[in-house]
Each structure stands twice: as C-alpha cells, then as structure tokens.
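In: all I have is the shape, not the residue letters:
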C-alpha cells in the first residue's frame with residue numbers, strides 16, 4: 001500500500017482496478033488543514049488523463065504490473081513482434097502501443113515490455129541506443145560559433161539534428177528519452 005506522502009512523478013498505482021501512472025505532481029500545504037497532493041494521472045491501458053487531488057493519509061494500491069525482458073524481432077502489417085528471451089513466447093504490439101519508441105527500435109534489440117493482466121501496455125527502451133546515419137546532407141560552412149546543426153536520417157528512418165561534422169555511415173549515440181544526439185559512438 002502507498003500513502004499519499006509516497007506520491008511522486010512516475011509512480012504506478014491502481015485506481016478502481018485500472019493501472020495509472022502519475023505524470024505530474026504538486027504538493028501544497030495550506031496554512032490550516034491537511035496537505036494536498038495534486039496529481040495528473042494517465043490511464044496506462046486507455047491513455048486517458050485525469051486530474052485528481054488527494055488529502056494526506058489517503059491510501060493507494062500499487063498497480064499489478066509485470067515487466068518482462070524481451071527481444072524485438074521484426075515489424076509487419078500486424079505490428080511490432082517481440083519474443084520473451086526465457087520462454088520464447090511472442091507478443092505483438094500495435095503502432096499506438098509502441099509510439100515514439102519505433103524511431104529507435106532495431107532488430108534483436110533487448111527491451112522491457114510492461115504487462116497488465118496478461119496484456120502488453122507499454123515498452124521501455126534502453127536509455128541510449130547506437131544508430132547509423134543513413135542519410136546526411138553536407139554541412140553549410142559559415143559561422144559555427146553558435147553550434148550549428150544539420151538534419152540527418154538514421155537507419156530507422158528517424159530524423160534528428162546533429163553537428164555539422166557528422167557524416168553518412170557514422171554510428172551515433174542517441175538518448176531515447178529526448179530523441180537527441182549525444183555523441184559519436186566509440187568504434
């Protein structure tokens with residue numbers, strides 16, 4: 001059981017049997033009375049967002065979620081196919097379930113899939129991935145004192161901004177949380 005004082009951004013709780021994740025959190029203590037916990041909650045199954053305010057002393061059930069380490073296999077018309085590396089069971093996630101993660105998925109990549117009552121609901125990528133630059137326009141020479149950038153297309157088809165010195169064929173380290181270039185990968 002969680003107490004209202006345990007609430008924080010990213011915490012997964014169950015409300016009326018449905019899993020919710022706290023996407024925004026504010027604490028306020030008025031001059032008199034109990035402390036208030038204002039939360040923005042996102043339903044992890046439907047994606048529906050609600051605003052709720054709780055008083056101190058309120059109790060919450062932890063969400064009954066299972067996280068399974070899986071390997072990305074391939075994509076087809078049905079969706080994205082993943083395999084449990086221990087049991088060899090396969091699951092398919094839809095385009096909506098994978099969301100922005102599809103920009104960083106490579107075949108045979110290890111990911112974590114979140115399950116609620118046997119149904120897959122979310123995917124967690126590694127924090128950093130290494131992707132090859134598939135297409136890069138030449139950088140425009142000029143004033144580079146301001147940290148000039150240019151667009152490149154990665155092997156997954158995702159387009160990002162990188163420094164002018166990056167060339168086609170280079171391997172880049174990308175932050176999957178922000179989708180931004182971090183550095184060139186070590187060879």
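Out: Nice, thanks for sending it over. As the structure is a computational prediction, the values presented were derived from the model and not from experiment. Numbering: from 1, shown residues only.

In: CA atoms for contacts and neighbours, from now on please.
Out: Will do.

In: show me how this structure divides into domains.
Out: Domains of the chain are assigned by automatic domain parsing as 2-62, 65-124, 128-184.

In: output those as JSON lines; include the columns mean pLDDT and mean neighbour count.
Out: Output for the domains of the chain, formatted as JSON lines (pLDDT from 0 to 100; neighbours: other C-alpha atoms under 10 Å):
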{"stretch": "domain 2-62", "mean pLDDT": "85", "mean neighbour count": "15"}
{"stretch": "domain 65-124", "mean pLDDT": "87", "mean neighbour count": "16"}
{"stretch": "domain 128-184", "mean pLDDT": "83", "mean neighbour count": "16"}
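
In: show me what contacts the residue nearest to residue 159 when sequence neighbours are not counted?
Out: With sequence-adjacent residues excluded and distances taken as C-alpha to C-alpha, 6 or more residues apart in numbering, residue 159 is closest to residue 153, at 4.4 Å. For residue 153, the contact set (C-alpha atoms under 8 Å, 6 or more residues apart in numbering) comprises 133-136, 159-160.

In: show me what residue 174 bridges to in the sheet.
Out: Beta bridges link residue 174 to residue 129, residue 181, judged by DSSP bridges.

In: wait, what's in contact with it?
Out: 128-131, 180-183.

In: where does the residue lying farthest from the centre of the chain sit, in terms of helix or strand?
Out: No residue in the chain sits farther from the centre than residue 32, which is 39.5 Å out by C-alpha atoms, centre = their mean. In this structure, residue 32 sits in neither a helix nor a strand according to DSSP states H and E.

In: check the one 5 residues further on too.
Out: When elements are defined using DSSP H and E, residue 37 is found to belong to strand 36-43.

In: counting by contacts, list what that strand packs against.
Out: strand 18-28, strand 49-55 (3 or more C-alpha pairs under 8 Å, 6 or more residues apart in numbering; DSSP states H and E).

In: in its sheet, what does the longest one sit against?
Out: Based on DSSP bridges, the strands next to strand 18-28 in the sheet, each with its direction, are strand 12-15 (antiparallel), strand 36-43 (antiparallel).

In: sorry, back to before: so which of the helices and strands packed on strand 36-43 gets nearest residue 100?
Out: Nearest to residue 100 among those is strand 18-28; the distance by C-alpha to C-alpha comes to 17.0 Å.

In: for the closest one, give me every contacting residue.
Out: When contacts are defined by C-alpha under 8 Å, 6+ apart, strand 18-28 is touched by residues 7-14, 35-45, 63-65, 116.

In: name the nearest residue to residue 166, ignoring sequence neighbours.
Out: Nearest non-adjacent residue to residue 166 (C-alpha to C-alpha, 6+ apart): residue 136, at 7.8 Å.

In: ok now the strand holding residue 37, how far from the chain's centre?
Out: 19 Å (C-alpha atoms, centre = their mean, to the nearest Å).
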